[in-house]
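Q: Below are the sequence and a predicted model for it; my questions follow.
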Amino acid sequence: IYFIKNIYNICVLRFADYLKFLKRVYIIYKMNSEGTSETVNSVPSDKFINVTVICPDQNKIPFQMKQNVQMGRLMNLFLRREGLENIDFLVFYHKGRRIRSTDTPISLNISDGDVIKTHFPEPDHDEYDSDCVYLSE
């Protein structure tokens, strides 16, 4: 009976992952069928845009970057400026969507003058304490 319960749990978990995968595929298909990819690719990639990053303490820091540069470069520059050593100390969001280091302003539809917000991440099972951050002098 224990073996059957384990197989059942594995099947349920894999089915849930399969449904998540299908949802992602549908979203990508829907975006491509609406012509979103054409408008994204038509933007010149060497154009500079101005973005404002809002710190958790509500300070606003302006940045200028090219649209084809990965957001990880902006994140690392911001973290160095704030004296943080690791990219895991802050989470970056644009219009409610979490920004990954491999994203670009083109892929996120970031336009000139947009705002990027930063938040402290929610601790996952006490892996690290986001309330205590080492600041270099």
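A: Sure, I can see it. Just so you know, these numbers come straight off a predicted model, no measurement behind them.
Q: Show me the domain layout of the chain.
A: 2-37, 44-119 (automatic domain parsing).
Q: Residue 106 contacts residue 67, correct?
A: Yes. With contact defined as Cβ atoms under 8 Å, residue 106 counts as touching residue 67 (5.0 Å). For every residue, glycine as well, the C-beta is placed using N, CA and C.
Q: quick one: least confident helix or strand in the protein?
A: In the chain, the helix or strand scored least confidently by mean pLDDT, DSSP states H and E is helix 36-41, which has a mean of 44.
Q: C-terminal to that helix, what's the next element?
A: Using DSSP states H and E, the helix or strand that follows helix 36-41 in sequence is strand 48-54.
Q: least reliable of the domains of the chain going by mean pLDDT?
A: Across the domains of the chain, domain 2-37 has the smallest mean pLDDT, namely a mean of 62.
Q: can you give me the helices in the chain?
A: All helices of the chain, identified by DSSP state H, fall at 2-33, 36-41, 71-82.
Q: roughly how far apart are the nearest residue to residue 71 once chain neighbours are set aside and residue 59?
A: Computed as Cβ to Cβ, 6 or more residues apart in numbering, the closest residue to residue 71 that is not its neighbour in sequence is residue 103, at 4.8 Å. According to Cβ to Cβ, to the nearest Å, residue 103 and residue 59 sit 23 Å apart.
Q: higher neighbour count, the two?
A: residue 103 (18 against 10; other Cβ atoms under 10 Å).
Q: Kindly check the end-to-end length of stretch 52-72 for me.
A: 15 Å (Cα to Cα, to the nearest Å).
Q: How about stretch 90-104?
A: Using Cα to Cα, one end of stretch 90-104 lies 18 Å from the other.
Q: Now it: buried residues?
A: Residues 90, 91, 92, 94, 99, 103, 104 are the ones in stretch 90-104 that count as buried (16 or more other Cβ atoms under 10 Å).
Q: If we only consider the residues you listed, which is nearest to residue 115?
A: Proximity of those to residue 115 (Cβ to Cβ) peaks at residue 94, which lies at 7.7 Å.
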